[in-house]
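**Q** kindly generate the corresponding structure for this input.
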Amino acid sequence: MLFMVKKVAEVLVENLKVLDKLHQEKLGSQPKIAKEGGVGQRTVGRALKGEVSPRLTSLDGFAKAFNVQPWQLLHPTLGRVPPNEANDPLLYQLINFYGQLDFDNRDKLLSEANWLYSKQHPDKSHATPFPKAKPVRTDKAKERS
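**A** Below is the predicted model of the structure:
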């Protein structure tokens, strides 16, 4: 199976653009982003255009301005999980909890999540955002095959 590996600079530019759009109301402009993060306005502009790869100290500044962790700026799924939710410790706790469940209990949890989704979105009651859990192969299962 082939997959495309994005360069870190491409991921960073995409994430900065996503965050810029999400924070338009609060920050609104490059000068405000620069001021909030303690980063030069020119650096902000060039980074958003993908003209330059910011230094690590600038990454810290961008993270501060957008209220995310610096590593999140380099994570390719940032645009799929709202940054305020990505910082939520309960989300990490839920992910860890899911990871500790056996296959049958994962299915039960996903079934409940689908039920809750249908209650919150009655117009999409036929939609199931969470498929059935897929079995995870352990080392013992690999040895048998």
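**Q** rest of the way, CA atoms for contacts and neighbours
**A** Will do.
**Q** gap between Lys32 and Asp104?
**A** 50 Å (CA to CA, to the nearest Å).
**Q** look at these two and report which has more neighbours.
**A** Using other CA atoms under 10 Å as the criterion, Lys32 and Asp104 rank with Lys32 on top: 16 against 12.
**Q** just the element for the more buried one, please.
**A** Using DSSP states H and E, Lys32 falls within helix 30-37.
**Q** and for the next helix or strand after that helix, what's in contact with it?
**A** Toward the C-terminal end, the helix or strand that comes next after helix 30-37 (DSSP H and E) is helix 41-49. Contacts of helix 41-49 with the rest of the structure, by CA atoms under 8 Å, 6 or more residues apart in numbering, involve 13, 16-17, 30-31, 33-35, 52-54.
**Q** compute the inter-axis angle for helix 41-49 and helix 30-37.
**A** Here helix 41-49 runs at an angle of 110 degrees relative to helix 30-37 (axes from the mean of the first three to the mean of the last three CA atoms, to 10 degrees).
**Q** how about Gly38, phi and psi?
**A** Phi and psi for Gly38, reported as degrees, to the nearest 10, are phi 70, psi 40.
**Q** what is the burial count for it?
**A** When neighbours are counted by other CA under 10 Å, Gly38 registers 16.
**Q** how near is it to Thr57?
**A** For Gly38, the distance to Thr57 - CA to CA - is 10 Å.
**Q** could you tell me how many residues sit around Gly61?
**A** Gly61: 22 surrounding residues under other CA under 10 Å.
**Q** so the nearest residue to Phe62 once chain neighbours are set aside versus Ala9, what's the distance?
**A** Closest residue to Phe62 apart from its sequence neighbours, by CA to CA, 6 or more residues apart in numbering: Gly37 at 5.5 Å. Taking CA to CA as the measure, Gly37 falls 19 Å from Ala9.
**Q** higher neighbour count, those two?
**A** Set Gly37 next to Ala9 and count neighbours by other CA under 10 Å: Gly37 wins out with 21 against 16.
**Q** residues in contact with that one?
**A** By CA under 8 Å, 6+ apart, the contact list for Gly37 reads 60-65.
**Q** Leu73 now?
**A** Contacts of Leu73 (CA under 8 Å, 6+ apart): 11-12, 15-16, 59, 63.
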